[in-house]
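S.K.: could you look at this predicted model? Sequence included:
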Amino acid sequence: MNHSLGMAIETLVAILLMLTIVYCVTLNKRLTRLKADEHSLKAVIGELITATEIAERAIGGLKLAVRDVNENLGSQLAAATQMSEQLYKQLGEADNVVRRLSKIAVAARPVTNPETVAVSAAKPSSAKAVAAAAEAFSERRRSNGIAA
């Protein structure tokens, strides 16, 4: 009995050793795959870091571009506002000049109808028309040199 019990124990140990060897081979394959996955994961992480750095640089460039565009548009908007104000002032001056010229034209009109002789006495004479023209010219020269 001792001999068969020893043989059974030895057989059991041999089976357990074979199971251990099979498990070790399986574990070795899994570790090999894990190391391969680790290398590919490191490569993916490296690519991700590179892509992140590129994106950060691109975002920085976009921020600079937005700042430049904002400054450009701000200065252009200020220039347009200033130009609009200048045009508004010039339109006012032009309106004044047109009113003065119409006064001069009305004053300088010759009287051709005898019925309007009574009305022409109320209108300024040609000397008055020349004086009005001279006054309009001097006012135009005084108003910042803006000519119509």
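M.R.: Perfect, I can see it now.

S.K.: now do the helix or strand hosting Gln86: which elements does it pack against?
M.R.: Per DSSP states H and E, Gln86 falls inside helix 2-108. Other helices and strands packing on helix 2-108, by 3 or more Cβ pairs under 8 Å, 6 or more residues apart in numbering; DSSP states H and E, are helix 126-142. To be clear about C-beta, it is placed using only N, CA and C from the backbone, and glycine gets the same treatment.

S.K.: could you check the angle the helix it packs on makes with helix 2-108?
M.R.: Per axes from the mean of the first three to the mean of the last three Cα atoms, to 10 degrees, the angle that helix 126-142 makes with helix 2-108 is 160 degrees.

S.K.: in helix 126-142, what counts as buried?
M.R.: For helix 126-142, the neighbour count (16 or more other Cβ atoms under 10 Å) marks Ala129, Ala132, Ala133, Ala136, Arg140 as buried.

S.K.: quick one: which of the residues you listed is nearest Ala94?
M.R.: Checking the buried residues of helix 126-142 against Ala94 with Cβ to Cβ, the nearest one is Arg140 at 10.4 Å.

S.K.: picking that back up, looking at the buried residues of helix 126-142, which is nearest Val25?
M.R.: Arg140 (107.0 Å).

S.K.: just the pLDDT for the closest one.
M.R.: At Arg140, the pLDDT value in this model is 65.

S.K.: ditto for Met1
M.R.: 61.

S.K.: do the same with the one 3 residues further on
M.R.: Reading off the per-residue confidence, Ser4 sits at a pLDDT of 88.

S.K.: tally of neighbours for it?
M.R.: 8 (other Cβ atoms under 10 Å).

S.K.: next one: it from Ala14, what distance?
M.R.: According to Cβ to Cβ, to the nearest Å, Ser4 stands 15 Å off from Ala14.

S.K.: quick check, Ala133 in contact with Lys103.
M.R.: No: Ala133 lies out of contact with Lys103 (Cβ atoms under 8 Å); the separation is 9.3 Å.

S.K.: just the buried residues of helix 126-142 now: which is nearest Met18?
M.R.: Met18 lies nearest to Arg140 out of those, by Cβ to Cβ, at 116.9 Å.

S.K.: where does pLDDT dip in this structure?
M.R.: Across the chain, the ranges flagged by pLDDT under 70 are 1, 110-127, 140-148.
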